[in-house]
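>>> Let's see this in three dimensions:
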Amino acid sequence: MVFFKQFCRLACLAVLAVFAFIQFSRSGLARRTFEFSSFDGNPVVEDRMLRKGLSREQDIRYYIEELILGPVSVDFAPLITKGTKLASFMYRDRTVYADFSSGAILPVRGGRPLFDSFLAVNRGIRRNFHDVKDVKLFIEGREAFFDEFQKIFGAD
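Residues are numbered from 1 along each chain as shown. Below is the predicted model:
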């Protein structure tokens, strides 16, 4: 009798776990991390649930568009100047190409220097999308920090 009760409890727990896994996989959401900094310069990370796209390209685009919006907390500095737009975006042969409007070149008041912000964008894309081999960031069609990123991430 004791064995039967334990078996029933275990079976119920297994059914609940399977149901929860199915619900999570169908939720259409994915957990993504965003690296920002506090206004005193300390790095901080925000976790957000973003909707899944129909393709890897769309998932990365959603991530970058969310990153442009900035942090949720008012205590953290955005990486990119408010009002900046994603002018164009492509994901081809495991390489991300993201072109930002001219507002991206303006410094964020109280935020990181431009290079550090773009480095955080680059690292965030690579951290959240492990299949990405290279990230090329542009401002108004001109590649930003090509030489510096080559030294950090190497020629893939």
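
>>> Tell me which residue lies nearest the centroid of this protein.
Tyr63 (4.6 Å; C-alpha atoms, centre = their mean).

>>> Contacts only, for that residue.
Arg32, Leu50, Gly124, Ile125, Asn128, Phe129 (C-beta atoms under 8 Å, 6 or more residues apart in numbering). All C-beta spots, glycine's among them, are computed from the backbone N, C-alpha and C.

>>> Closest one of those residues to Asp147?
Nearest to Asp147 among the contacts of Tyr63, counting by C-beta to C-beta, is Ile125 at 19.0 Å.

>>> Return the member of the contacts of Tyr63 nearest to Ser38.
When these are compared against Ser38 (criterion: C-beta to C-beta), the nearest one is Gly124, at 16.7 Å.

>>> And that closest one, how far from Met49?
16 Å (C-beta to C-beta, to the nearest Å).

>>> and what of Pro71?
15 Å.

>>> Tell me which of those two has more neighbours.
Pro71 (19 against 11; other C-beta atoms under 10 Å).

>>> Relative to Gln150, which of the contacts of Tyr63 is nearest.
After measuring the contacts of Tyr63 against Gln150 - C-beta to C-beta - the closest member comes out as Ile125, at 16.1 Å.

>>> Quick check: chain neighbours aside, which residue is closest to that closest one?
Nearest residue to Ile125, sequence neighbours excluded (C-beta to C-beta, 6 or more residues apart in numbering): Val135, at 5.2 Å.

>>> cool, Phe129 as well?
Nearest non-adjacent residue to Phe129 (C-beta to C-beta, 6+ apart): Ile60, at 5.7 Å.

>>> my guess is that neighbour is in a helix, correct?
Yes: applying DSSP: H, G, I helix; E, B strand; the rest coil, one finds Ile60 inside a helix.
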